[in-house]
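Prediction below, plus the sequence it came from.
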Amino acid sequence: MKTVISIQSHVAYGYVGNRAAVFPLQRLGYDAVAVNTVQFSNHTGYGAWTGQVFTPEHIADVLDGIDARGVLPSCVAVLSGYMGDAALGQVVVGAAAQIKAANPQAVYCCDPVMGDVGRGFFVRPGIPEFMKAHAVPAADIVTPNQFELEYLTGRTVASMADALDAAAALRATGPKLVLITSLTRADAPADRIEMLADTAEGTWVVSTPRLPLDPPPNGAGDAVAALFLAHWLKTADAAQALAQAASAIYAVFQETRRLGTRELALIPAQDELVKPSEVFAAERVR
């Protein structure tokens, strides 16, 4: 059994953060160890919630306890998402370095959660700067959405050429693989949405229909990062991981729309996480 340590937020109700990442990792065969950076009643998109943001000392204590169980050498990846503040981010990046020291084959996948198109930044002050200066350069894989990619690179992404340039610029800061989890560009059909995976060896894009979900469910980026990481760990093939992750999340969106729920329908669509009934091929663009 291969272990992935996922350090993210947690909600009691709904599917964001670790609640959106751990179950897909488990369904794809990984022993997912959840380290929760917050515990809220529900995600903040509802406008009201209860719960607490955990201190950096609390997270470090939990990680020390996991280390004491001898888990780190069997850990093949660290996945991080929402960070409560920059001090907690330091703990997360330090944990990734510790795990990679225990297993040199392990990878750090950073989902640089900061904001989104239309919403702007929704994290505490200092987090965007920390992501740009410390977390992203330390990562092997990064999974920004389009808004986050633009912030991290200081570039506007409006075309495929823009996306390729921005992904290459982000790779130049340290990561070996950049996954753009939501790409909307002027030179693509308006009724489609894309995901793009960029490496030094090549770049691939996958396009899926844009489904009318209002409001769009929170947590999709968290689930996509977990799905992509799980498939990439199995195959080391960015194109294949991209196609599988995009196809799985599209199936989840379809089921979410069918049920008319605001939360991702991960449980009803769980078989689609493993074997999507409709697979969208990844097309090489570079």
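That came through, no problem.

List the pairing partners of the worst-scoring helix or strand of the chain on mean pLDDT within its sheet, with orientation.
Least confident element among the helices and strands of the chain, by mean pLDDT, DSSP states H and E: strand 120-121 (a mean of 84). Paired neighbours of strand 120-121 in the sheet (DSSP bridges): strand 115-116 (antiparallel).

Please list the outside residues in contact with the partner strand.
121, 122, 123, 128, 145, 147, 148, 151 (Cβ atoms under 8 Å, 6 or more residues apart in numbering). For glycine as for every other residue, the C-beta is placed from the backbone atoms N, C-alpha and C.

Go through stretch 276-286 and flag the buried ones.
Neighbour-count burial for stretch 276-286 flags 276, 280, 282 (criterion: 16 or more other Cβ atoms under 10 Å).

Please name the nearest non-neighbouring residue to residue 150.
residue 157 (5.6 Å; Cβ to Cβ, 6 or more residues apart in numbering).

doesn't residue 145 make contact with that neighbour?
No. The criterion here is Cβ atoms under 8 Å, and residue 157 misses it with residue 145 at 10.5 Å.

ok so, going back, just how off-centre is the least confident helix or strand of the chain within its chain?
Strand 120-121 has its C-alpha centroid displaced from the chain centroid by 17 Å (Cα atoms, centre = their mean, to the nearest Å).

Check stretch 38-53 too.
So, by Cα atoms, centre = their mean, the centroid of stretch 38-53 is 19 Å from its chain's centroid.

mean confidence score for it?
Mean pLDDT, stretch 38-53: 94.

mind checking the end-to-end distance for it?
4 Å (Cα to Cα, to the nearest Å).

got the buried residues for that stretch?
For stretch 38-53, using 16+ other Cβ under 10 Å, the buried residues are 38, 39, 40, 42, 43, 45, 49, 53.

what's the answer for stretch 262-277, then?
Applying 16+ other Cβ under 10 Å to stretch 262-277 flags 262, 263, 264, 265, 266, 269, 270, 272, 273, 276 as buried.

what does stretch 163-181 give?
Neighbour-count burial for stretch 163-181 [16+ other Cβ under 10 Å]: 163-164, 166-167, 170-171, 173, 175, 177-181.

Tell me which two of these sit farthest apart.
173 and 181 (18.0 Å; Cβ to Cβ).

Report the separation between the closest residue to residue 213 other than its chain neighbours and residue 133.
Spatial nearest neighbour of residue 213, chain neighbours left out: residue 257 (5.7 Å); criterion: Cβ to Cβ, 6+ apart. Counting by Cβ to Cβ, to the nearest Å, the gap between residue 257 and residue 133 amounts to 39 Å.

go on, residue 61?
From residue 61 to residue 133 the distance is 26 Å (Cβ to Cβ).

Same question for residue 103.
On the measure of Cβ to Cβ, residue 103 and residue 133 end up 26 Å apart.

Please consider this matter closed, and thank you.
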